[in-house]
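**Q** Give me the fold of what follows.
(chains A and B)
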Amino acid sequence: DGGITQSPKYLFRKEGQNVTLSCEQNLNHDAMYWYRQDPGQGLRLIYYSQIVNDFQKGDIAEGYSVSREKKESFPLTVTSAQKNPTAFYLCASSTSIFGVGGLTDTQYFGPGTRLTVL
Amino acid sequence: GQQVMQIPQYQHVQEGEDFTTYCNSSTTLSNIQWYKQRPGGHPVFLIQLVKSGEVKKQKRLTFQFGEAKKNSSLHITATQTTDVGTYFCAGKTLTGTYKYIFGTGTRLKVLA
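**A** Below you'll find the model as predicted:
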């Protein structure tokens, strides 16, 4: 059963703790992305990865870190430096970051992780 | 930086009424995609528009890309309760990084 999974669905952490969100895909996609969604707002890009061992900062990378050691996995760490970490985090993947016409950059989203920092 | 705005932010309609959401970019786009997010769910890809002035239809949904490739719209004819959710546009810039800028979304509520 192909798809993109995120775990856990709900996550609670104390203020000041680092937390790592999991994202796994078995779609054989090269590109992966992390977005943050706050209530009533759109998606904001945190980090994206074009290929294994490569990643780029998005629009709101401060306080977050990522790694891309395997094609299937793109974990996101929310560090204590992130001032307002409570949010809904969405991971996505696409065949590549390029496209136009071929739809190779269509993003497939995971179910999301709702992080609450107490 | 580049911005993509959507209006309206919220829309309540009676079942059977039409609905339109508009997406406006501050810069010219390479292409635009539309996604739907059901309440409590994750965004799901609907369609991609590439050409200036392009119009595409999916059953009751009609998507348009403006001539200047800076705006787009999604029109739903005769809404149904299954249309409930938030509709996002996502525009890709012509130059620079290969990333999509998501619009702020329009939340649609359909009253039976």
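**Q** Please make it C-alpha for all contacts and neighbour counts, starting now.
**A** Noted.
**Q** residues making contact with stretch A:69-86?
**A** Residues outside stretch A:69-86 that contact it (C-alpha atoms under 8 Å, 6 or more residues apart in numbering or on different chains) are A:15-26, A:28-30, A:32-34, A:51-53, A:62-68, A:114-117.
**Q** Next, report how far that stretch is displaced from the centre of its chain.
**A** Its chain's C-alpha centre and that of stretch A:69-86 lie 7 Å apart, by C-alpha atoms, centre = their mean, to the nearest Å.
**Q** Ok, stretch A:38-52 next?
**A** For stretch A:38-52 - counting by C-alpha atoms, centre = their mean - the centre lies 6 Å from the chain centre.
**Q** Name the residues of that stretch that are buried.
**A** A:Gly42, A:Leu43, A:Arg44, A:Leu45, A:Ile46, A:Tyr47, A:Tyr48, A:Ser49, A:Gln50, A:Ile51, A:Val52 (16 or more other C-alpha atoms under 10 Å in any protein chain shown).
**Q** could you give the mean pLDDT of it?
**A** For stretch A:38-52, the mean per-residue pLDDT is 90.
**Q** Need the contact partners of that stretch.
**A** A:30-37, A:55-61, A:64, A:66, A:68-71, A:87-88, A:96-97, B:88, B:101-105.
**Q** Now with 7 Å, please.
**A** A:30-37, A:55-61, A:68-71, A:87-88, A:96-97, B:102-105 (C-alpha atoms under 7 Å, 6 or more residues apart in numbering or on different chains).
**Q** Among those, which ones are in strands?
**A** Cross-referencing those against strands under DSSP state E gives A:Ala31, A:Met32, A:Tyr33, A:Trp34, A:Tyr35, A:Arg36, A:Gln37, A:Gln56, A:Lys57, A:Ala87, A:Phe88, B:Phe102.
**Q** Need the per-residue pLDDT for the spatially closest residue to A:Thr79 that is not a sequence neighbour.
**A** With sequence-adjacent residues excluded and distances taken as C-alpha to C-alpha, 6 or more residues apart in numbering or on different chains, A:Thr79 is closest to A:Asn18, at 4.4 Å. Note on A:Asn18: pLDDT of 93.
**Q** Please report how far A:Asn18 lies from A:Leu76.
**A** 10 Å (C-alpha to C-alpha, to the nearest Å).
**Q** neighbour count winner among those two?
**A** Neighbour count, other C-alpha atoms under 10 Å in any protein chain shown: between A:Asn18 and A:Leu76, A:Leu76 has more, with 22 against 15.
**Q** Tell me where the model's unsure across chain A.
**A** A:1-2, A:99-103 (pLDDT under 70).
**Q** centroid residue for it?
**A** A:Trp34 (2.4 Å; C-alpha atoms, centre = their mean).
**Q** ok, now chain B?
**A** B:Cys89 (4.0 Å).
**Q** isn't it right next to B:Trp34, touching?
**A** Yes: if you go by C-alpha atoms under 7 Å, B:Cys89 and B:Trp34 touch, sitting 4.4 Å apart.
**Q** Count the residues that sit near A:Lys14.
**A** Neighbourhood size, A:Lys14 [other C-alpha under 10 Å]: 11.
**Q** In space, what's closest to it - neighbours in sequence excluded?
**A** A:Leu118 (5.0 Å).
**Q** and the one you found, how many neighbours?
**A** A:Leu118: 9 neighbours (other C-alpha under 10 Å).
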